[in-house]
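1. next one to model:
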Amino acid sequence: MTQDAVMDFSFLDHALQSAHQMANLARPLAREAWLNPKEVSFKEDGSFLTPADLAIERAWRHHLHLAFPDHAVQGEEYGSEKGIAEYTWVLDPIDGTRQFGMGLGNFATLIALCDGMGRPVVGVIDLPLMDVRYCAARGQGAYLNDRRLNVSNATLLGEALAMLANQNSFTHTDAVAYENLRSSVGQAAFDAGSPAYGALAAGKVDLCLNGGDLNAHDICALVPVVEEAGGMITNWQGEALGLWSSGAILASASPVLHQAALDVLTKE
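-> Okay, the predicted model is just below:
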């Protein structure tokens, strides 16, 4: 192993530990807000916004300013802060704010770190109500709390267990593609959000699908968790995901299953 490789491994370990600290900061804030009476407002695009979104992202940014003052930060609520270094933190304090604001439990906090090429190298999917945390760093594997994860060995689309996003997130030709895939898989559940990608990494789900309403803060944390568990995650054109990404995505337990799903999604 080269000196650079040793240094990179050490840095990623440090970054992952910092992401754990940030997730720990978020848990009590998310839990307290979720337990409180309904307190929801709406952004200009009609999406949900809660005080927890803002409080968590403020806490995270304060932590990052102290721990990595030169890093850039891109958050869902407070936008982008440009650093002078090549690393960018991508933050989604409450992913699944609609579910969170309506008192449901399938939400998560998402933390990612992208390298100078925009590739996600650290990812955390934390489920504050459940004391469950999926995490990964490039080259170090994916974990559910302390347990190393591996995807399933599924290869047949007709037998796949699939998690599909809310059908309202698929529009126009994407809606046709969604229905084609839904009718092609073995069994499906719906609208699980980012926790579904952790379940895929844990081998409990074989395929995950989301529509075109995603941005980088929804996507980046998922990538290391899925890939380090042995899975695949791309856009619907089979292209890699990163800081540049938005729109519909697909994750699968194997290359064969991934290609079969892409063929259904993109057929004329």
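2. going forward, measure contacts and count neighbours with C-alpha atoms only.
-> Noted.
3. helices of this protein, residue ranges please.
-> Secondary structure of the chain (DSSP state H): helices located at 3-35, 51-67, 97-101, 173-182, 195-201, 216-219, 222-228, 255-266.
4. ok, and what's touching the fifth one?
-> Which is helix 195-201. The contact list for helix 195-201 (CA atoms under 8 Å, 6 or more residues apart in numbering) reads 106-108, 125, 127, 134, 142, 149-152, 163, 205-208, 222, 225-226, 229-231, 251-253.
5. excluding its backbone neighbours, what's nearest residue 92?
-> residue 110 (5.0 Å; CA to CA, 6 or more residues apart in numbering).
6. show the contacting residues for the one you found.
-> Residue 110 neighbours (CA under 8 Å, 6+ apart): 91-95, 123-126, 217-218, 221.
7. from these, pick the one nearest residue 55.
-> residue 93 (8.5 Å; CA to CA).
8. contacting residues for that closest one?
-> Shown in contact with residue 93 (CA under 8 Å, 6+ apart): 26, 52-54, 56-57, 76, 108-111.
9. so for these, which is the shakiest by pLDDT?
-> Minimum pLDDT for those is recorded at residue 76 (82).
10. residue 182 reaches residue 188, doesn't it?
-> Yes - using CA atoms under 8 Å, residue 182 is in contact with residue 188, at 7.1 Å.
11. now the common contact residues for the two.
-> Residues touching both residue 182 and residue 188 by CA under 8 Å, 6+ apart: residue 164.
12. what is the burial count for residue 228?
-> Residues lying near residue 228 (other CA atoms under 10 Å) number 24.
13. so what pLDDT did it get?
-> Reported pLDDT for residue 228: 98.
14. before we move on, what about residue 62?
-> At residue 62, the pLDDT value in this model is 97.
15. tally of neighbours for it?
-> Counted with other CA under 10 Å, residues neighbouring residue 62 total 13.
16. for it, give its distance to residue 133.
-> 22 Å (CA to CA, to the nearest Å).
17. repeat for residue 233
-> Residue 233 is 19 Å from residue 133, by CA to CA.
18. tell me which of these two has more neighbours.
-> Neighbours per residue (other CA under 10 Å) separate residue 233 from residue 133, with residue 233 holding more: 28 against 20.
19. list the contacts for the more buried one?
-> So residue 233 contacts 223, 226-227, 240-241, 249-252 (CA under 8 Å, 6+ apart).
20. which of those residues tops the neighbour count?
-> Highest neighbour count within the contacts of residue 233: residue 252, with 33 neighbours (other CA under 10 Å).
21. can you pull the contacts of the nearest residue to that residue once chain neighbours are set aside?
-> Excluding its sequence neighbours, the residue lying closest to residue 252 (CA to CA, 6+ apart) is residue 207, at 4.4 Å. By CA under 8 Å, 6+ apart, residue 207 lies in contact with 160-163, 200, 250-253, 258.
22. how far does stretch 67-75 sit from its chain's centre?
-> Centroid displacement of stretch 67-75 relative to its chain, using CA atoms, centre = their mean, to the nearest Å, is 19 Å.
23. how about that stretch: buried residues?
-> If you call a residue buried by 16 or more other CA atoms under 10 Å, then stretch 67-75 has these buried ones: 68, 70-75.
24. what do you get for stretch 202-221?
-> 202-211, 215-221.
25. point out where the chain drops to low pLDDT.
-> Scanning the chain for pLDDT under 70 picks out 1-7, 37-49, 84.
26. residues touching the residue nearest in space to the middle of it, list them.
-> In the chain, the centroid-proximal residue (CA atoms, centre = their mean) is residue 222; its distance is 3.2 Å. Residues in contact with residue 222 (CA under 8 Å, 6+ apart) are 123-125, 194, 197-198.
27. what does residue 72 give?
-> 80-89.
28. in these, which residue is surrounded by the most others?
-> Highest neighbour count within the contacts of residue 72: residue 89, with 29 neighbours (other CA under 10 Å).
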